[in-house]
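**Q** need the 3D shape of this:
(2 chains)
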2 protein chains.
Amino acid sequence: MSAIDFFYEFASTYSYLTAERIEARAADAGVEVRWRPFLLGPIFQAQGWDSSPFNIYPAKGAYMWRDVARLAEARGLGFVRPDPFPQTSLRAARCVLAVDPAERPAASRAIFRAEFADGAQISDEVVLRRALEAAGVDADATLAAAATDPVKAALRANTDEAIAKGVFGAPSFVTEDGELFWGDDRLEDALAWASESVARRP
Amino acid sequence: MSAIDFFYEFASTYSYLTAERIEARAADAGVEVRWRPFLLGPIFQAQGWDSSPFNIYPAKGAYMWRDVARLAEARGLGFVRPDPFPQTSLRAARCVLAVDPAERPAASRAIFRAEFADGAQISDEVVLRRALEAAGVDADATLAAAATDPVKAALRANTDEAIAKGVFGAPSFVTEDGELFWGDDRLEDALAWASESVARRP
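**A** Residues are numbered from 1 along each chain as shown, chains lettered A, B, ... in the order given. Have a look, this model is predicted:
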């Protein structure tokens, strides 16, 4: 079975859209998904941006809000604009790295929904606790583990690996043979590439 | 019959991809396409960019070249990286505004192919002449008309209208009810929106 790395950022609207559909699509394609939360902040800062490009470039931002709202409506997903945007995603990313990998998809989706369907503040421990509990995860243990050095190091490692693989935005998908695909609208292409590259193996 | 405005820029790789497929897809959808060449330069300059964002942000640029090469291969299109990139597209845009609207799609595709399939310089009059002739257009008359004030004004008007409609990149599509879609990968969504908005009319 082939696999793809799914690099996602909790502050990212398009990452929310992908988190809601990647498991079903990957199952159809027979591809395993490795859920890899990372931080866009260091990547944006290296480009000289002190905020989201959707805030820095107003026309691009206005388009994104409309585009995501259209897509969410077509897919039957709730969508509200978080305030402030982008949300501070550090703690959320650490939390999902602190849970068992098998629980990471459900925990991640619960946090994305709190943020983008309910408009809650994902930097808020109460919000994270509620989302983790909704996903069936031990919230106390997770919040405690999220503050430990190994988890902090795991998030830095994900971000460093994303940068090394050429990632500059979220969501991004990387196949085992190193092909990078950027954006929710490239999910199908990434899965097809992963399936075909396995078929090409001797 | 509904219609969409297709805003394209001759220096834009993704505009080339769309120019090669928009007519067939629009015919399938029963939507008329208005070919609207415009210039991204003024939009980028207003954002503080003195070149293409694909040059300013190297990771984004590296991804774009790979992404377009993959898409071109999958669609059976030639693709080479023009040098320099971006090409100076002012004269090409004026030329296609100088031809009859019925000839604009063929003339535009011929110029895109010269640039992105053959690697020719589209700022070069010899290249433009050859492309126009390949499209069955009177090259002498077109090149002469392209240098006149009404054609220059028409290009400025297209660019101003694109900005007024929220365009920030190319290709972009705008439906008659004002919905903006950005990117070759949103062509199908734009056509579907245009078809459905006609169906919703009383």
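**Q** hey, let's count contacts and neighbours off CA atoms from now on
**A** Noted.
**Q** scan chain A for its longest helix.
**A** What stands out as the longest helix in chain A, according to DSSP state H, is helix A:58-75.
**Q** packing partners for the helix or strand hosting A:A24?
**A** In the assignment (DSSP states H and E), A:A24 maps to helix A:22-29. The contact analysis (3 or more CA pairs under 8 Å, 6 or more residues apart in numbering or on different chains; DSSP states H and E) places helix A:22-29 against strand A:31-37, helix A:187-199.
**Q** what's the closest of those to chain B?
**A** Of all the helices and strands packed on helix A:22-29, helix A:187-199 sits nearest to chain B, with 9.8 Å by CA to the nearest CA.
**Q** the closest one near chain B anywhere?
**A** No. Figure legend: helix A:187-199 not in contact with chain B (CA under 8 Å from any CA of the partner chain); closest approach 9.8 Å.
**Q** next, the buried residues of that helix.
**A** Burial within helix A:187-199, assessed by neighbour count using 16 or more other CA atoms under 10 Å in any protein chain shown, is assigned to A:L187, A:A190, A:L191, A:A192, A:W193, A:A194, A:S195.
**Q** what's the closest of those residues to B:P171?
**A** Taking CA to CA as the measure, B:P171 sits nearest to A:L187 out of the buried residues of helix A:187-199, at 20.7 Å.
**Q** tell me if I'm right that the closest one and A:V174 touch.
**A** No. A:L187 is beyond contact range of A:V174, at 10.3 Å (criterion: CA atoms under 8 Å).
**Q** give the residues shared as contacts by these two.
**A** A:F181 (CA atoms under 8 Å, 6 or more residues apart in numbering or on different chains).
**Q** what does the helix holding A:A24 contact?
**A** With CA under 8 Å, 6+ apart as the criterion, helix A:22-29 contacts A:E32, A:V33, A:L187, A:E188, A:L191, A:A192, A:S195.
**Q** where does the prediction get shaky in chain A?
**A** Regions of chain A meeting the criterion pLDDT under 70 cover residues A:198-202.
**Q** helices of that one, residue ranges please.
**A** Per DSSP H, chain A carries helices over the ranges A:13-19, A:22-29, A:41-46, A:53-56, A:58-75, A:90-98, A:104-116, A:125-134, A:139-146, A:149-164, A:187-199.
**Q** let me have those in TSV, adding distance to B:N55 as columns.
**A** Shown next, in TSV, are these (distance: least, CA to CA, whole Å):
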stretch	distance to B:N55
helix A:13-19	24
helix A:22-29	31
helix A:41-46	15
helix A:53-56	16
helix A:58-75	18
helix A:90-98	30
helix A:104-116	33
helix A:125-134	39
helix A:139-146	38
helix A:149-164	18
helix A:187-199	25
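**Q** hang on, the earlier thing: kindly export the helix holding A:A24 (C-alpha atoms) in CSV.
**A** Provided in CSV are the C-alpha atoms of helix A:22-29 (Å, rounded to 0.1, in the frame of the first residue of the first chain):
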residue,chain,number,x,y,z
ILE,A,22,-9.1,13.0,2.8
GLU,A,23,-9.8,9.8,4.6
ALA,A,24,-12.7,8.8,2.3
ARG,A,25,-10.8,9.7,-0.8
ALA,A,26,-7.7,8.0,0.3
ALA,A,27,-9.6,4.8,1.1
ASP,A,28,-11.1,4.8,-2.4
ALA,A,29,-7.6,5.2,-3.8
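**Q** give me the buried positions along that helix.
**A** A:I22, A:A26, A:A29.
**Q** what's the distance between A:A190 and A:W182?
**A** 9 Å (CA to CA, to the nearest Å).
**Q** my error: substitute A:T88 in the last question.
**A** Distance, A:T88 to A:W182, using CA to CA: 22 Å.
**Q** more crowded one of these two?
**A** Neighbours per residue, other CA atoms under 10 Å in any protein chain shown: of A:T88 and A:W182, the larger number sits with A:W182, 23 against 17.
**Q** any idea how far B:P150 is from the closest residue to that one other than its chain neighbours?
**A** Distances taken as CA to CA, 6 or more residues apart in numbering or on different chains place A:S172 nearest to A:W182, at 4.4 Å, with adjacent residues excluded. Separation of A:S172 from B:P150 (CA to CA): 45 Å.
**Q** so for these two, which residue has more residues nearby?
**A** A:S172 (26 against 14).
**Q** I'd like the distance between that one and chain B.
**A** 11 Å (CA to the nearest CA, to the nearest Å).
**Q** swap in A:V68?
**A** In terms of CA to the nearest CA, A:V68 sits 11 Å off from chain B.
**Q** which ones are touching that residue?
**A** Contacts of A:V68 (CA under 8 Å, 6+ apart): A:T13, A:Y14, A:L17.
**Q** surely the second one and A:P171 touch.
**A** Yes. Between A:Y14 and A:P171 there is a contact at 6.5 Å, judged by CA under 8 Å.
**Q** which of the two has more neighbours?
**A** A:P171 (28 against 22).
**Q** and the more buried one, backbone torsions?
**A** Main-chain torsions, A:P171, degrees, to the nearest 10: phi -80, psi 160.
**Q** now do the contacts for it.
**A** Contacts of A:P171 by CA under 8 Å, 6+ apart are A:F6, A:F7, A:Y8, A:E9, A:S12, A:Y14, A:S15, A:T18, A:W182, A:G183, A:D184.
**Q** likewise for A:I4?
**A** Taking CA under 8 Å, 6+ apart as the test, what A:I4 contacts is A:V31, A:E32, A:V33, A:R34, A:F173, A:V174, A:T175, A:E176, A:A190, A:L191, A:A194.
**Q** report the buried members of these.
**A** Neighbour-count burial (16+ other CA under 10 Å) applied to these gives A:V31, A:E32, A:V33, A:R34, A:F173, A:V174, A:T175, A:A190, A:L191, A:A194.
**Q** so how far is A:L187 from the fifth one?
**A** In other words, A:F173. From A:F173 to A:L187 the distance is 7 Å (CA to CA).
**Q** what does the first one give?
**A** In this structure, A:V31 lies at 12 Å from A:L187, with CA to CA as the measure.
**Q** kindly report the same for the third one.
**A** The span separating A:V33 from A:L187 equals 11 Å under the rule CA to CA.
**Q** for stretch A:115-124, buried residues please.
**A** A:E115, A:F116, A:A117, A:G119, A:A120, A:Q121, A:I122.
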